[in-house]
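Student: Would you be able to build a 3D model of this:
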Amino acid sequence: MKLNRVNVIVTVLSLGSIAVALGYTASQLAPPANKKAPAAELSVKPVTTSAAVSLLPQVGVVVVNGQEYQAEVVGFGEARPRYELTLSAEVSGKIRQVNRQFESGQVIKKGALLGKINDTSYQQALTQAQTDVAQAELDLLEEQRQGEQAKAEWLRSGLSGEPASPLVLRTPQLAQATAALENAKQALKKAQQDLSYTNITAPFDALVVSRDIQPGSYVQTGSQLGTLYSVAEVEISVPLSELQWQNLPEFDNAQLVKAPWDVTLFSADGLHQWQGYIERVEQHLTQTSRQRSLIVVVDNPLAQTTDLYPGTFVKAHINGKSLSNLWQLPSSAISQQGDIWFINDSSQLAKSAANIAFEKDGFVYVLPIVSEQRGRPSLIQIVKRPLSSFKVGTKVLAKLEV
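Tutor: Down below sits the predicted model:
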């Protein structure tokens, strides 16, 4: 009897536990479909979505589309004089005089006397040459007279035809006398020229770079006297890549003579500028750079507002032809690896190699990226300042910047 009571109690407790469990489970079930949820529960989802979006990294972007821009080609070169002359002695002798203007840094005019070589022996050679010419003229007159006499004697002899030997009429002797006179005249010209070479003169308007003689020094024919740079104009050889040549019109040297193409030159620090023009383009590739160059000329370089000295390194800005369908991007938009980062239609980071046409005033002009979604150039959000930590496919929040 006692055992039966225990069984009953256990059974009652088990049934109670099952009832409690069923009640708890029912309380956790969702409300029926026809029953509205409390307002507090409806607001949970929007709050959760906003928080998720706010956690996305923000990136600054610019929106671009293809437009037409005038290309600008930038090249570098060194200003060099058109003529660089190592002045050499034409005759030998002792330096008798040196002009005070024949010093480095001085600008001299064409024909200016730079120095004199002792000319005593050359004066004597000139006098001797003049004597030789006079003697040769006398010999020729004498030979002409003798030839006329020989011809008259031949005619008086009554012989017919021509003499058996040209010596009868002294024809070879006359030819020899004529040649001797011509030789004497050439010797006279040479003596006059040698005498003139004792005066050392400037062959063009020049800047004296160095002087290598002094009064009393002895020079041989070919000895270096000094170095001169022409000052009428300087030339800048600007090598360009094939892409840069494509951004320029087709230059023809014959046309450039009639209509030079203007070029603006800047100093290395950007503080000074000069106006030049393309005089000609070279028709060969250099062996070192494997590039073709154009030649920019600046007239009267030492008469500019700021003198353009030979040896100055300059940057050349050349206006090119108009190019259509280009993007204008800030220079910061090109990564260190040369890529453009953009945001695709899924708000994810993507990148493409930059195809740069030219650069100008802090902007980079590139060929448009073909949109994978549309298969043609389209408006794309370009990341203004890509970071090295960017990874393709990262979901981001775009922030438009000016």
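Student: For the rest of this, base every contact and every neighbour count on C-alpha atoms.
Tutor: Fine.
Student: all strands of the stretch 301-402 of the chain, in order?
Tutor: Ranges of strands within the stretch 301-402 of the chain are 313-330, 339-343, 349-353, 356-360, 363-366, 380-383, 397-400, based on DSSP state E, counting those that start in this stretch.
Student: Could I get those in a markdown table, plus columns for mean pLDDT and distance to Q58?
Tutor: Putting the strands of the stretch 301-402 of the chain into a markdown table (pLDDT from 0 to 100; distance: least, CA to CA, whole Å) gives the following:
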| stretch | mean pLDDT | distance to Q58 |
| --- | --- | --- |
| strand 313-330 | 92 | 19 |
| strand 339-343 | 92 | 11 |
| strand 349-353 | 91 | 11 |
| strand 356-360 | 88 | 27 |
| strand 363-366 | 92 | 23 |
| strand 380-383 | 90 | 10 |
| strand 397-400 | 89 | 5 |
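Student: With mean neighbour count added, can I get the ones you listed in TSV?
Tutor: Formatted as TSV, these follow (neighbours: other CA atoms under 10 Å):
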stretch	mean neighbour count
strand 313-330	19
strand 339-343	23
strand 349-353	17
strand 356-360	18
strand 363-366	20
strand 380-383	24
strand 397-400	16
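Student: Check the contact between V59 and A398; I expect there is one.
Tutor: Yes. Counting by CA atoms under 8 Å, A398 is a contact partner of V59 at 5.3 Å.
Student: Outline the domain layout of the chain.
Tutor: 58-72+323-400, 75-82+232-239+246-311, 84-115+203-231, 119-197 (automatic domain parsing).
Student: can you tell me which of those comes nearest to H317?
Tutor: Of all the domains of the chain, domain 75-82+232-239+246-311 sits nearest to H317, with 5.3 Å by CA to CA.
Student: still on that earlier bit, the domains of the chain into JSON lines, with extra columns for distance to H317?
Tutor: Shown next, in JSON lines, are the domains of the chain (distance: least, CA to CA, whole Å):
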{"stretch": "domain 58-72+323-400", "distance to H317": "7"}
{"stretch": "domain 75-82+232-239+246-311", "distance to H317": "5"}
{"stretch": "domain 84-115+203-231", "distance to H317": "23"}
{"stretch": "domain 119-197", "distance to H317": "45"}
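Student: between those domains, which gets the lowest average pLDDT?
Tutor: Averaged per stretch, pLDDT over the domains of the chain is lowest on domain 58-72+323-400, reaching a mean of 86.
Student: Just the endpoints, please. Distance across that one?
Tutor: End-to-end distance for domain 58-72+323-400, by CA to CA, to the nearest Å: 10 Å.
Student: Distance to Q106 for the strands of the stretch 301-402 of the chain - can I get that in a markdown table?
Tutor: Formatted as a markdown table, the strands of the stretch 301-402 of the chain follow (distance: least, CA to CA, whole Å):
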| stretch | distance to Q106 |
| --- | --- |
| strand 313-330 | 22 |
| strand 339-343 | 53 |
| strand 349-353 | 54 |
| strand 356-360 | 39 |
| strand 363-366 | 44 |
| strand 380-383 | 57 |
| strand 397-400 | 60 |
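Student: do you know which of these lies nearest V281?
Tutor: strand 313-330 (13.4 Å).
Student: Okay, now the sheet partners of the closest one, with direction.
Tutor: Strand 313-330 pairs in its sheet with strand 67-81 (antiparallel), strand 261-267 (antiparallel), strand 363-366 (antiparallel), by DSSP bridges.
Student: That strand vs strand 339-343, what angle?
Tutor: On the basis of axes from the mean of the first three to the mean of the last three CA atoms, to 10 degrees, strand 313-330 is oriented at 20 degrees to strand 339-343.
Student: Alpha carbons only: can I get strand 313-330 in CSV?
Tutor: What follows is strand 313-330 as a C-alpha-only set of coordinates in CSV (Å, rounded to 0.1, in the frame of the first residue of the first chain):
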residue,chain,number,x,y,z
PHE,A,313,68.2,72.1,-67.9
VAL,A,314,64.7,73.0,-68.9
LYS,A,315,61.2,71.4,-69.0
ALA,A,316,59.4,71.9,-72.3
HIS,A,317,55.6,72.2,-72.4
ILE,A,318,54.3,71.5,-75.9
ASN,A,319,50.6,71.9,-76.9
GLY,A,320,49.5,68.8,-78.8
LYS,A,321,46.4,67.9,-80.7
SER,A,322,42.8,67.6,-79.3
LEU,A,323,42.0,64.1,-78.0
SER,A,324,38.4,62.9,-77.5
ASN,A,325,36.9,60.5,-74.9
LEU,A,326,39.4,61.0,-72.1
TRP,A,327,38.9,61.1,-68.3
GLN,A,328,40.4,63.9,-66.3
LEU,A,329,41.6,62.5,-63.0
PRO,A,330,43.6,64.1,-60.1
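Student: Looking at the chain, which helix is longest?
Tutor: The residue-count maximum for a helix in the chain (DSSP state H) belongs to helix 120-156.
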